[in-house]
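Undergrad: My questions are about this predicted structure, shown below with the sequence.
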Amino acid sequence: KLLNVPTLNALLLLVKNIVEHPSETKFRGPVRKSNARIREAIVEIPSAIEVLCLAGFTDEGDCFMYRDLDIARLTSVRSLLLEQLNNVGIKTESRPAKAPAASTVQRKAGIHQGYSSSVVEASPEARPS
């Protein structure tokens with residue numbers, strides 16, 4: 001079953017953090033089930049819990065923990081998650097880094113930091129007379 005994008009992103013973040021920072025124990029848990037994002041994206045979706053366990057996390061009742069470092073296993077699960085994101089139309093290779101949040105004035109004006117907007121005018125021949 002395909003997982004939804006928020007679930008895929010949450011799982012990918014948990015796996016990616018351990019792969020990219022294997023010596024930092026803070027990324028291994030506890031991943032608290034009471035956290036709103038974790039509850040909505042993972043706990044309430046049984047197949048998401050299965051994926052987390054496939055990655056090597058254990059269900060400890062009120063949280064998930066990652067105890068035995070296995071980079072190969074994590075990398076395999078990460079590849080599968082990236083493939084799933086690609087299947088739902090999210091291009092993971094070319095996703096830009098998250099741009100800083102636009103201010104209220106910029107949002108109302110349609111201006112977003114890190115992105116340029118352009119105005120396209122019709123050619124003189126295409127304009128109504």
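TA: Received, thanks.
Undergrad: residues of stretch 65-83 that come out buried?
TA: Judged by neighbour count using 16 or more other Cβ atoms under 10 Å, the buried positions of stretch 65-83 are 66, 74, 77, 78, 80, 81, 82. Placement of C-beta: from N, CA and C, glycine included.
Undergrad: got a pLDDT number for the fifth one?
TA: With respect to pLDDT, residue 80 has a value of 92.
Undergrad: Which of the helices or strands spans it?
TA: Using DSSP states H and E, residue 80 sits within helix 71-87.
Undergrad: same for that helix, what does it pack against?
TA: If you count contacts as 3 or more Cβ pairs under 8 Å, 6 or more residues apart in numbering; DSSP states H and E, helix 71-87 packs onto helix 5-20, helix 46-55.
Undergrad: out of the ones you listed, nearest to residue 61?
TA: Closest of the helices and strands packed on helix 71-87 to residue 61 is helix 46-55, at 12.7 Å (criterion: Cβ to Cβ).
Undergrad: Could you tell me the angle between that closest one and helix 71-87?
TA: Computed by axes from the mean of the first three to the mean of the last three Cα atoms, to 10 degrees, the angle separating helix 46-55 from helix 71-87 equals 150 degrees.
Undergrad: now what about helix 46-55, what contacts it?
TA: 1, 3, 7, 10-11, 14-15, 41-43, 59, 64, 66, 73-74, 77, 80-81 (Cβ atoms under 8 Å, 6 or more residues apart in numbering).
Undergrad: what residue ranges in this structure score low on pLDDT?
TA: Applying pLDDT under 70 to the chain flags the ranges 1-2, 89-129.
Undergrad: ok, back up a step: can you redo the buried residues of stretch 65-83 as CSV with distance to residue 24?
TA: Converted to CSV, the buried residues of stretch 65-83 look like this (distance: Cβ to Cβ, whole Å):
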residue, distance to residue 24
66, 11
74, 14
77, 18
78, 17
80, 23
81, 20
82, 22
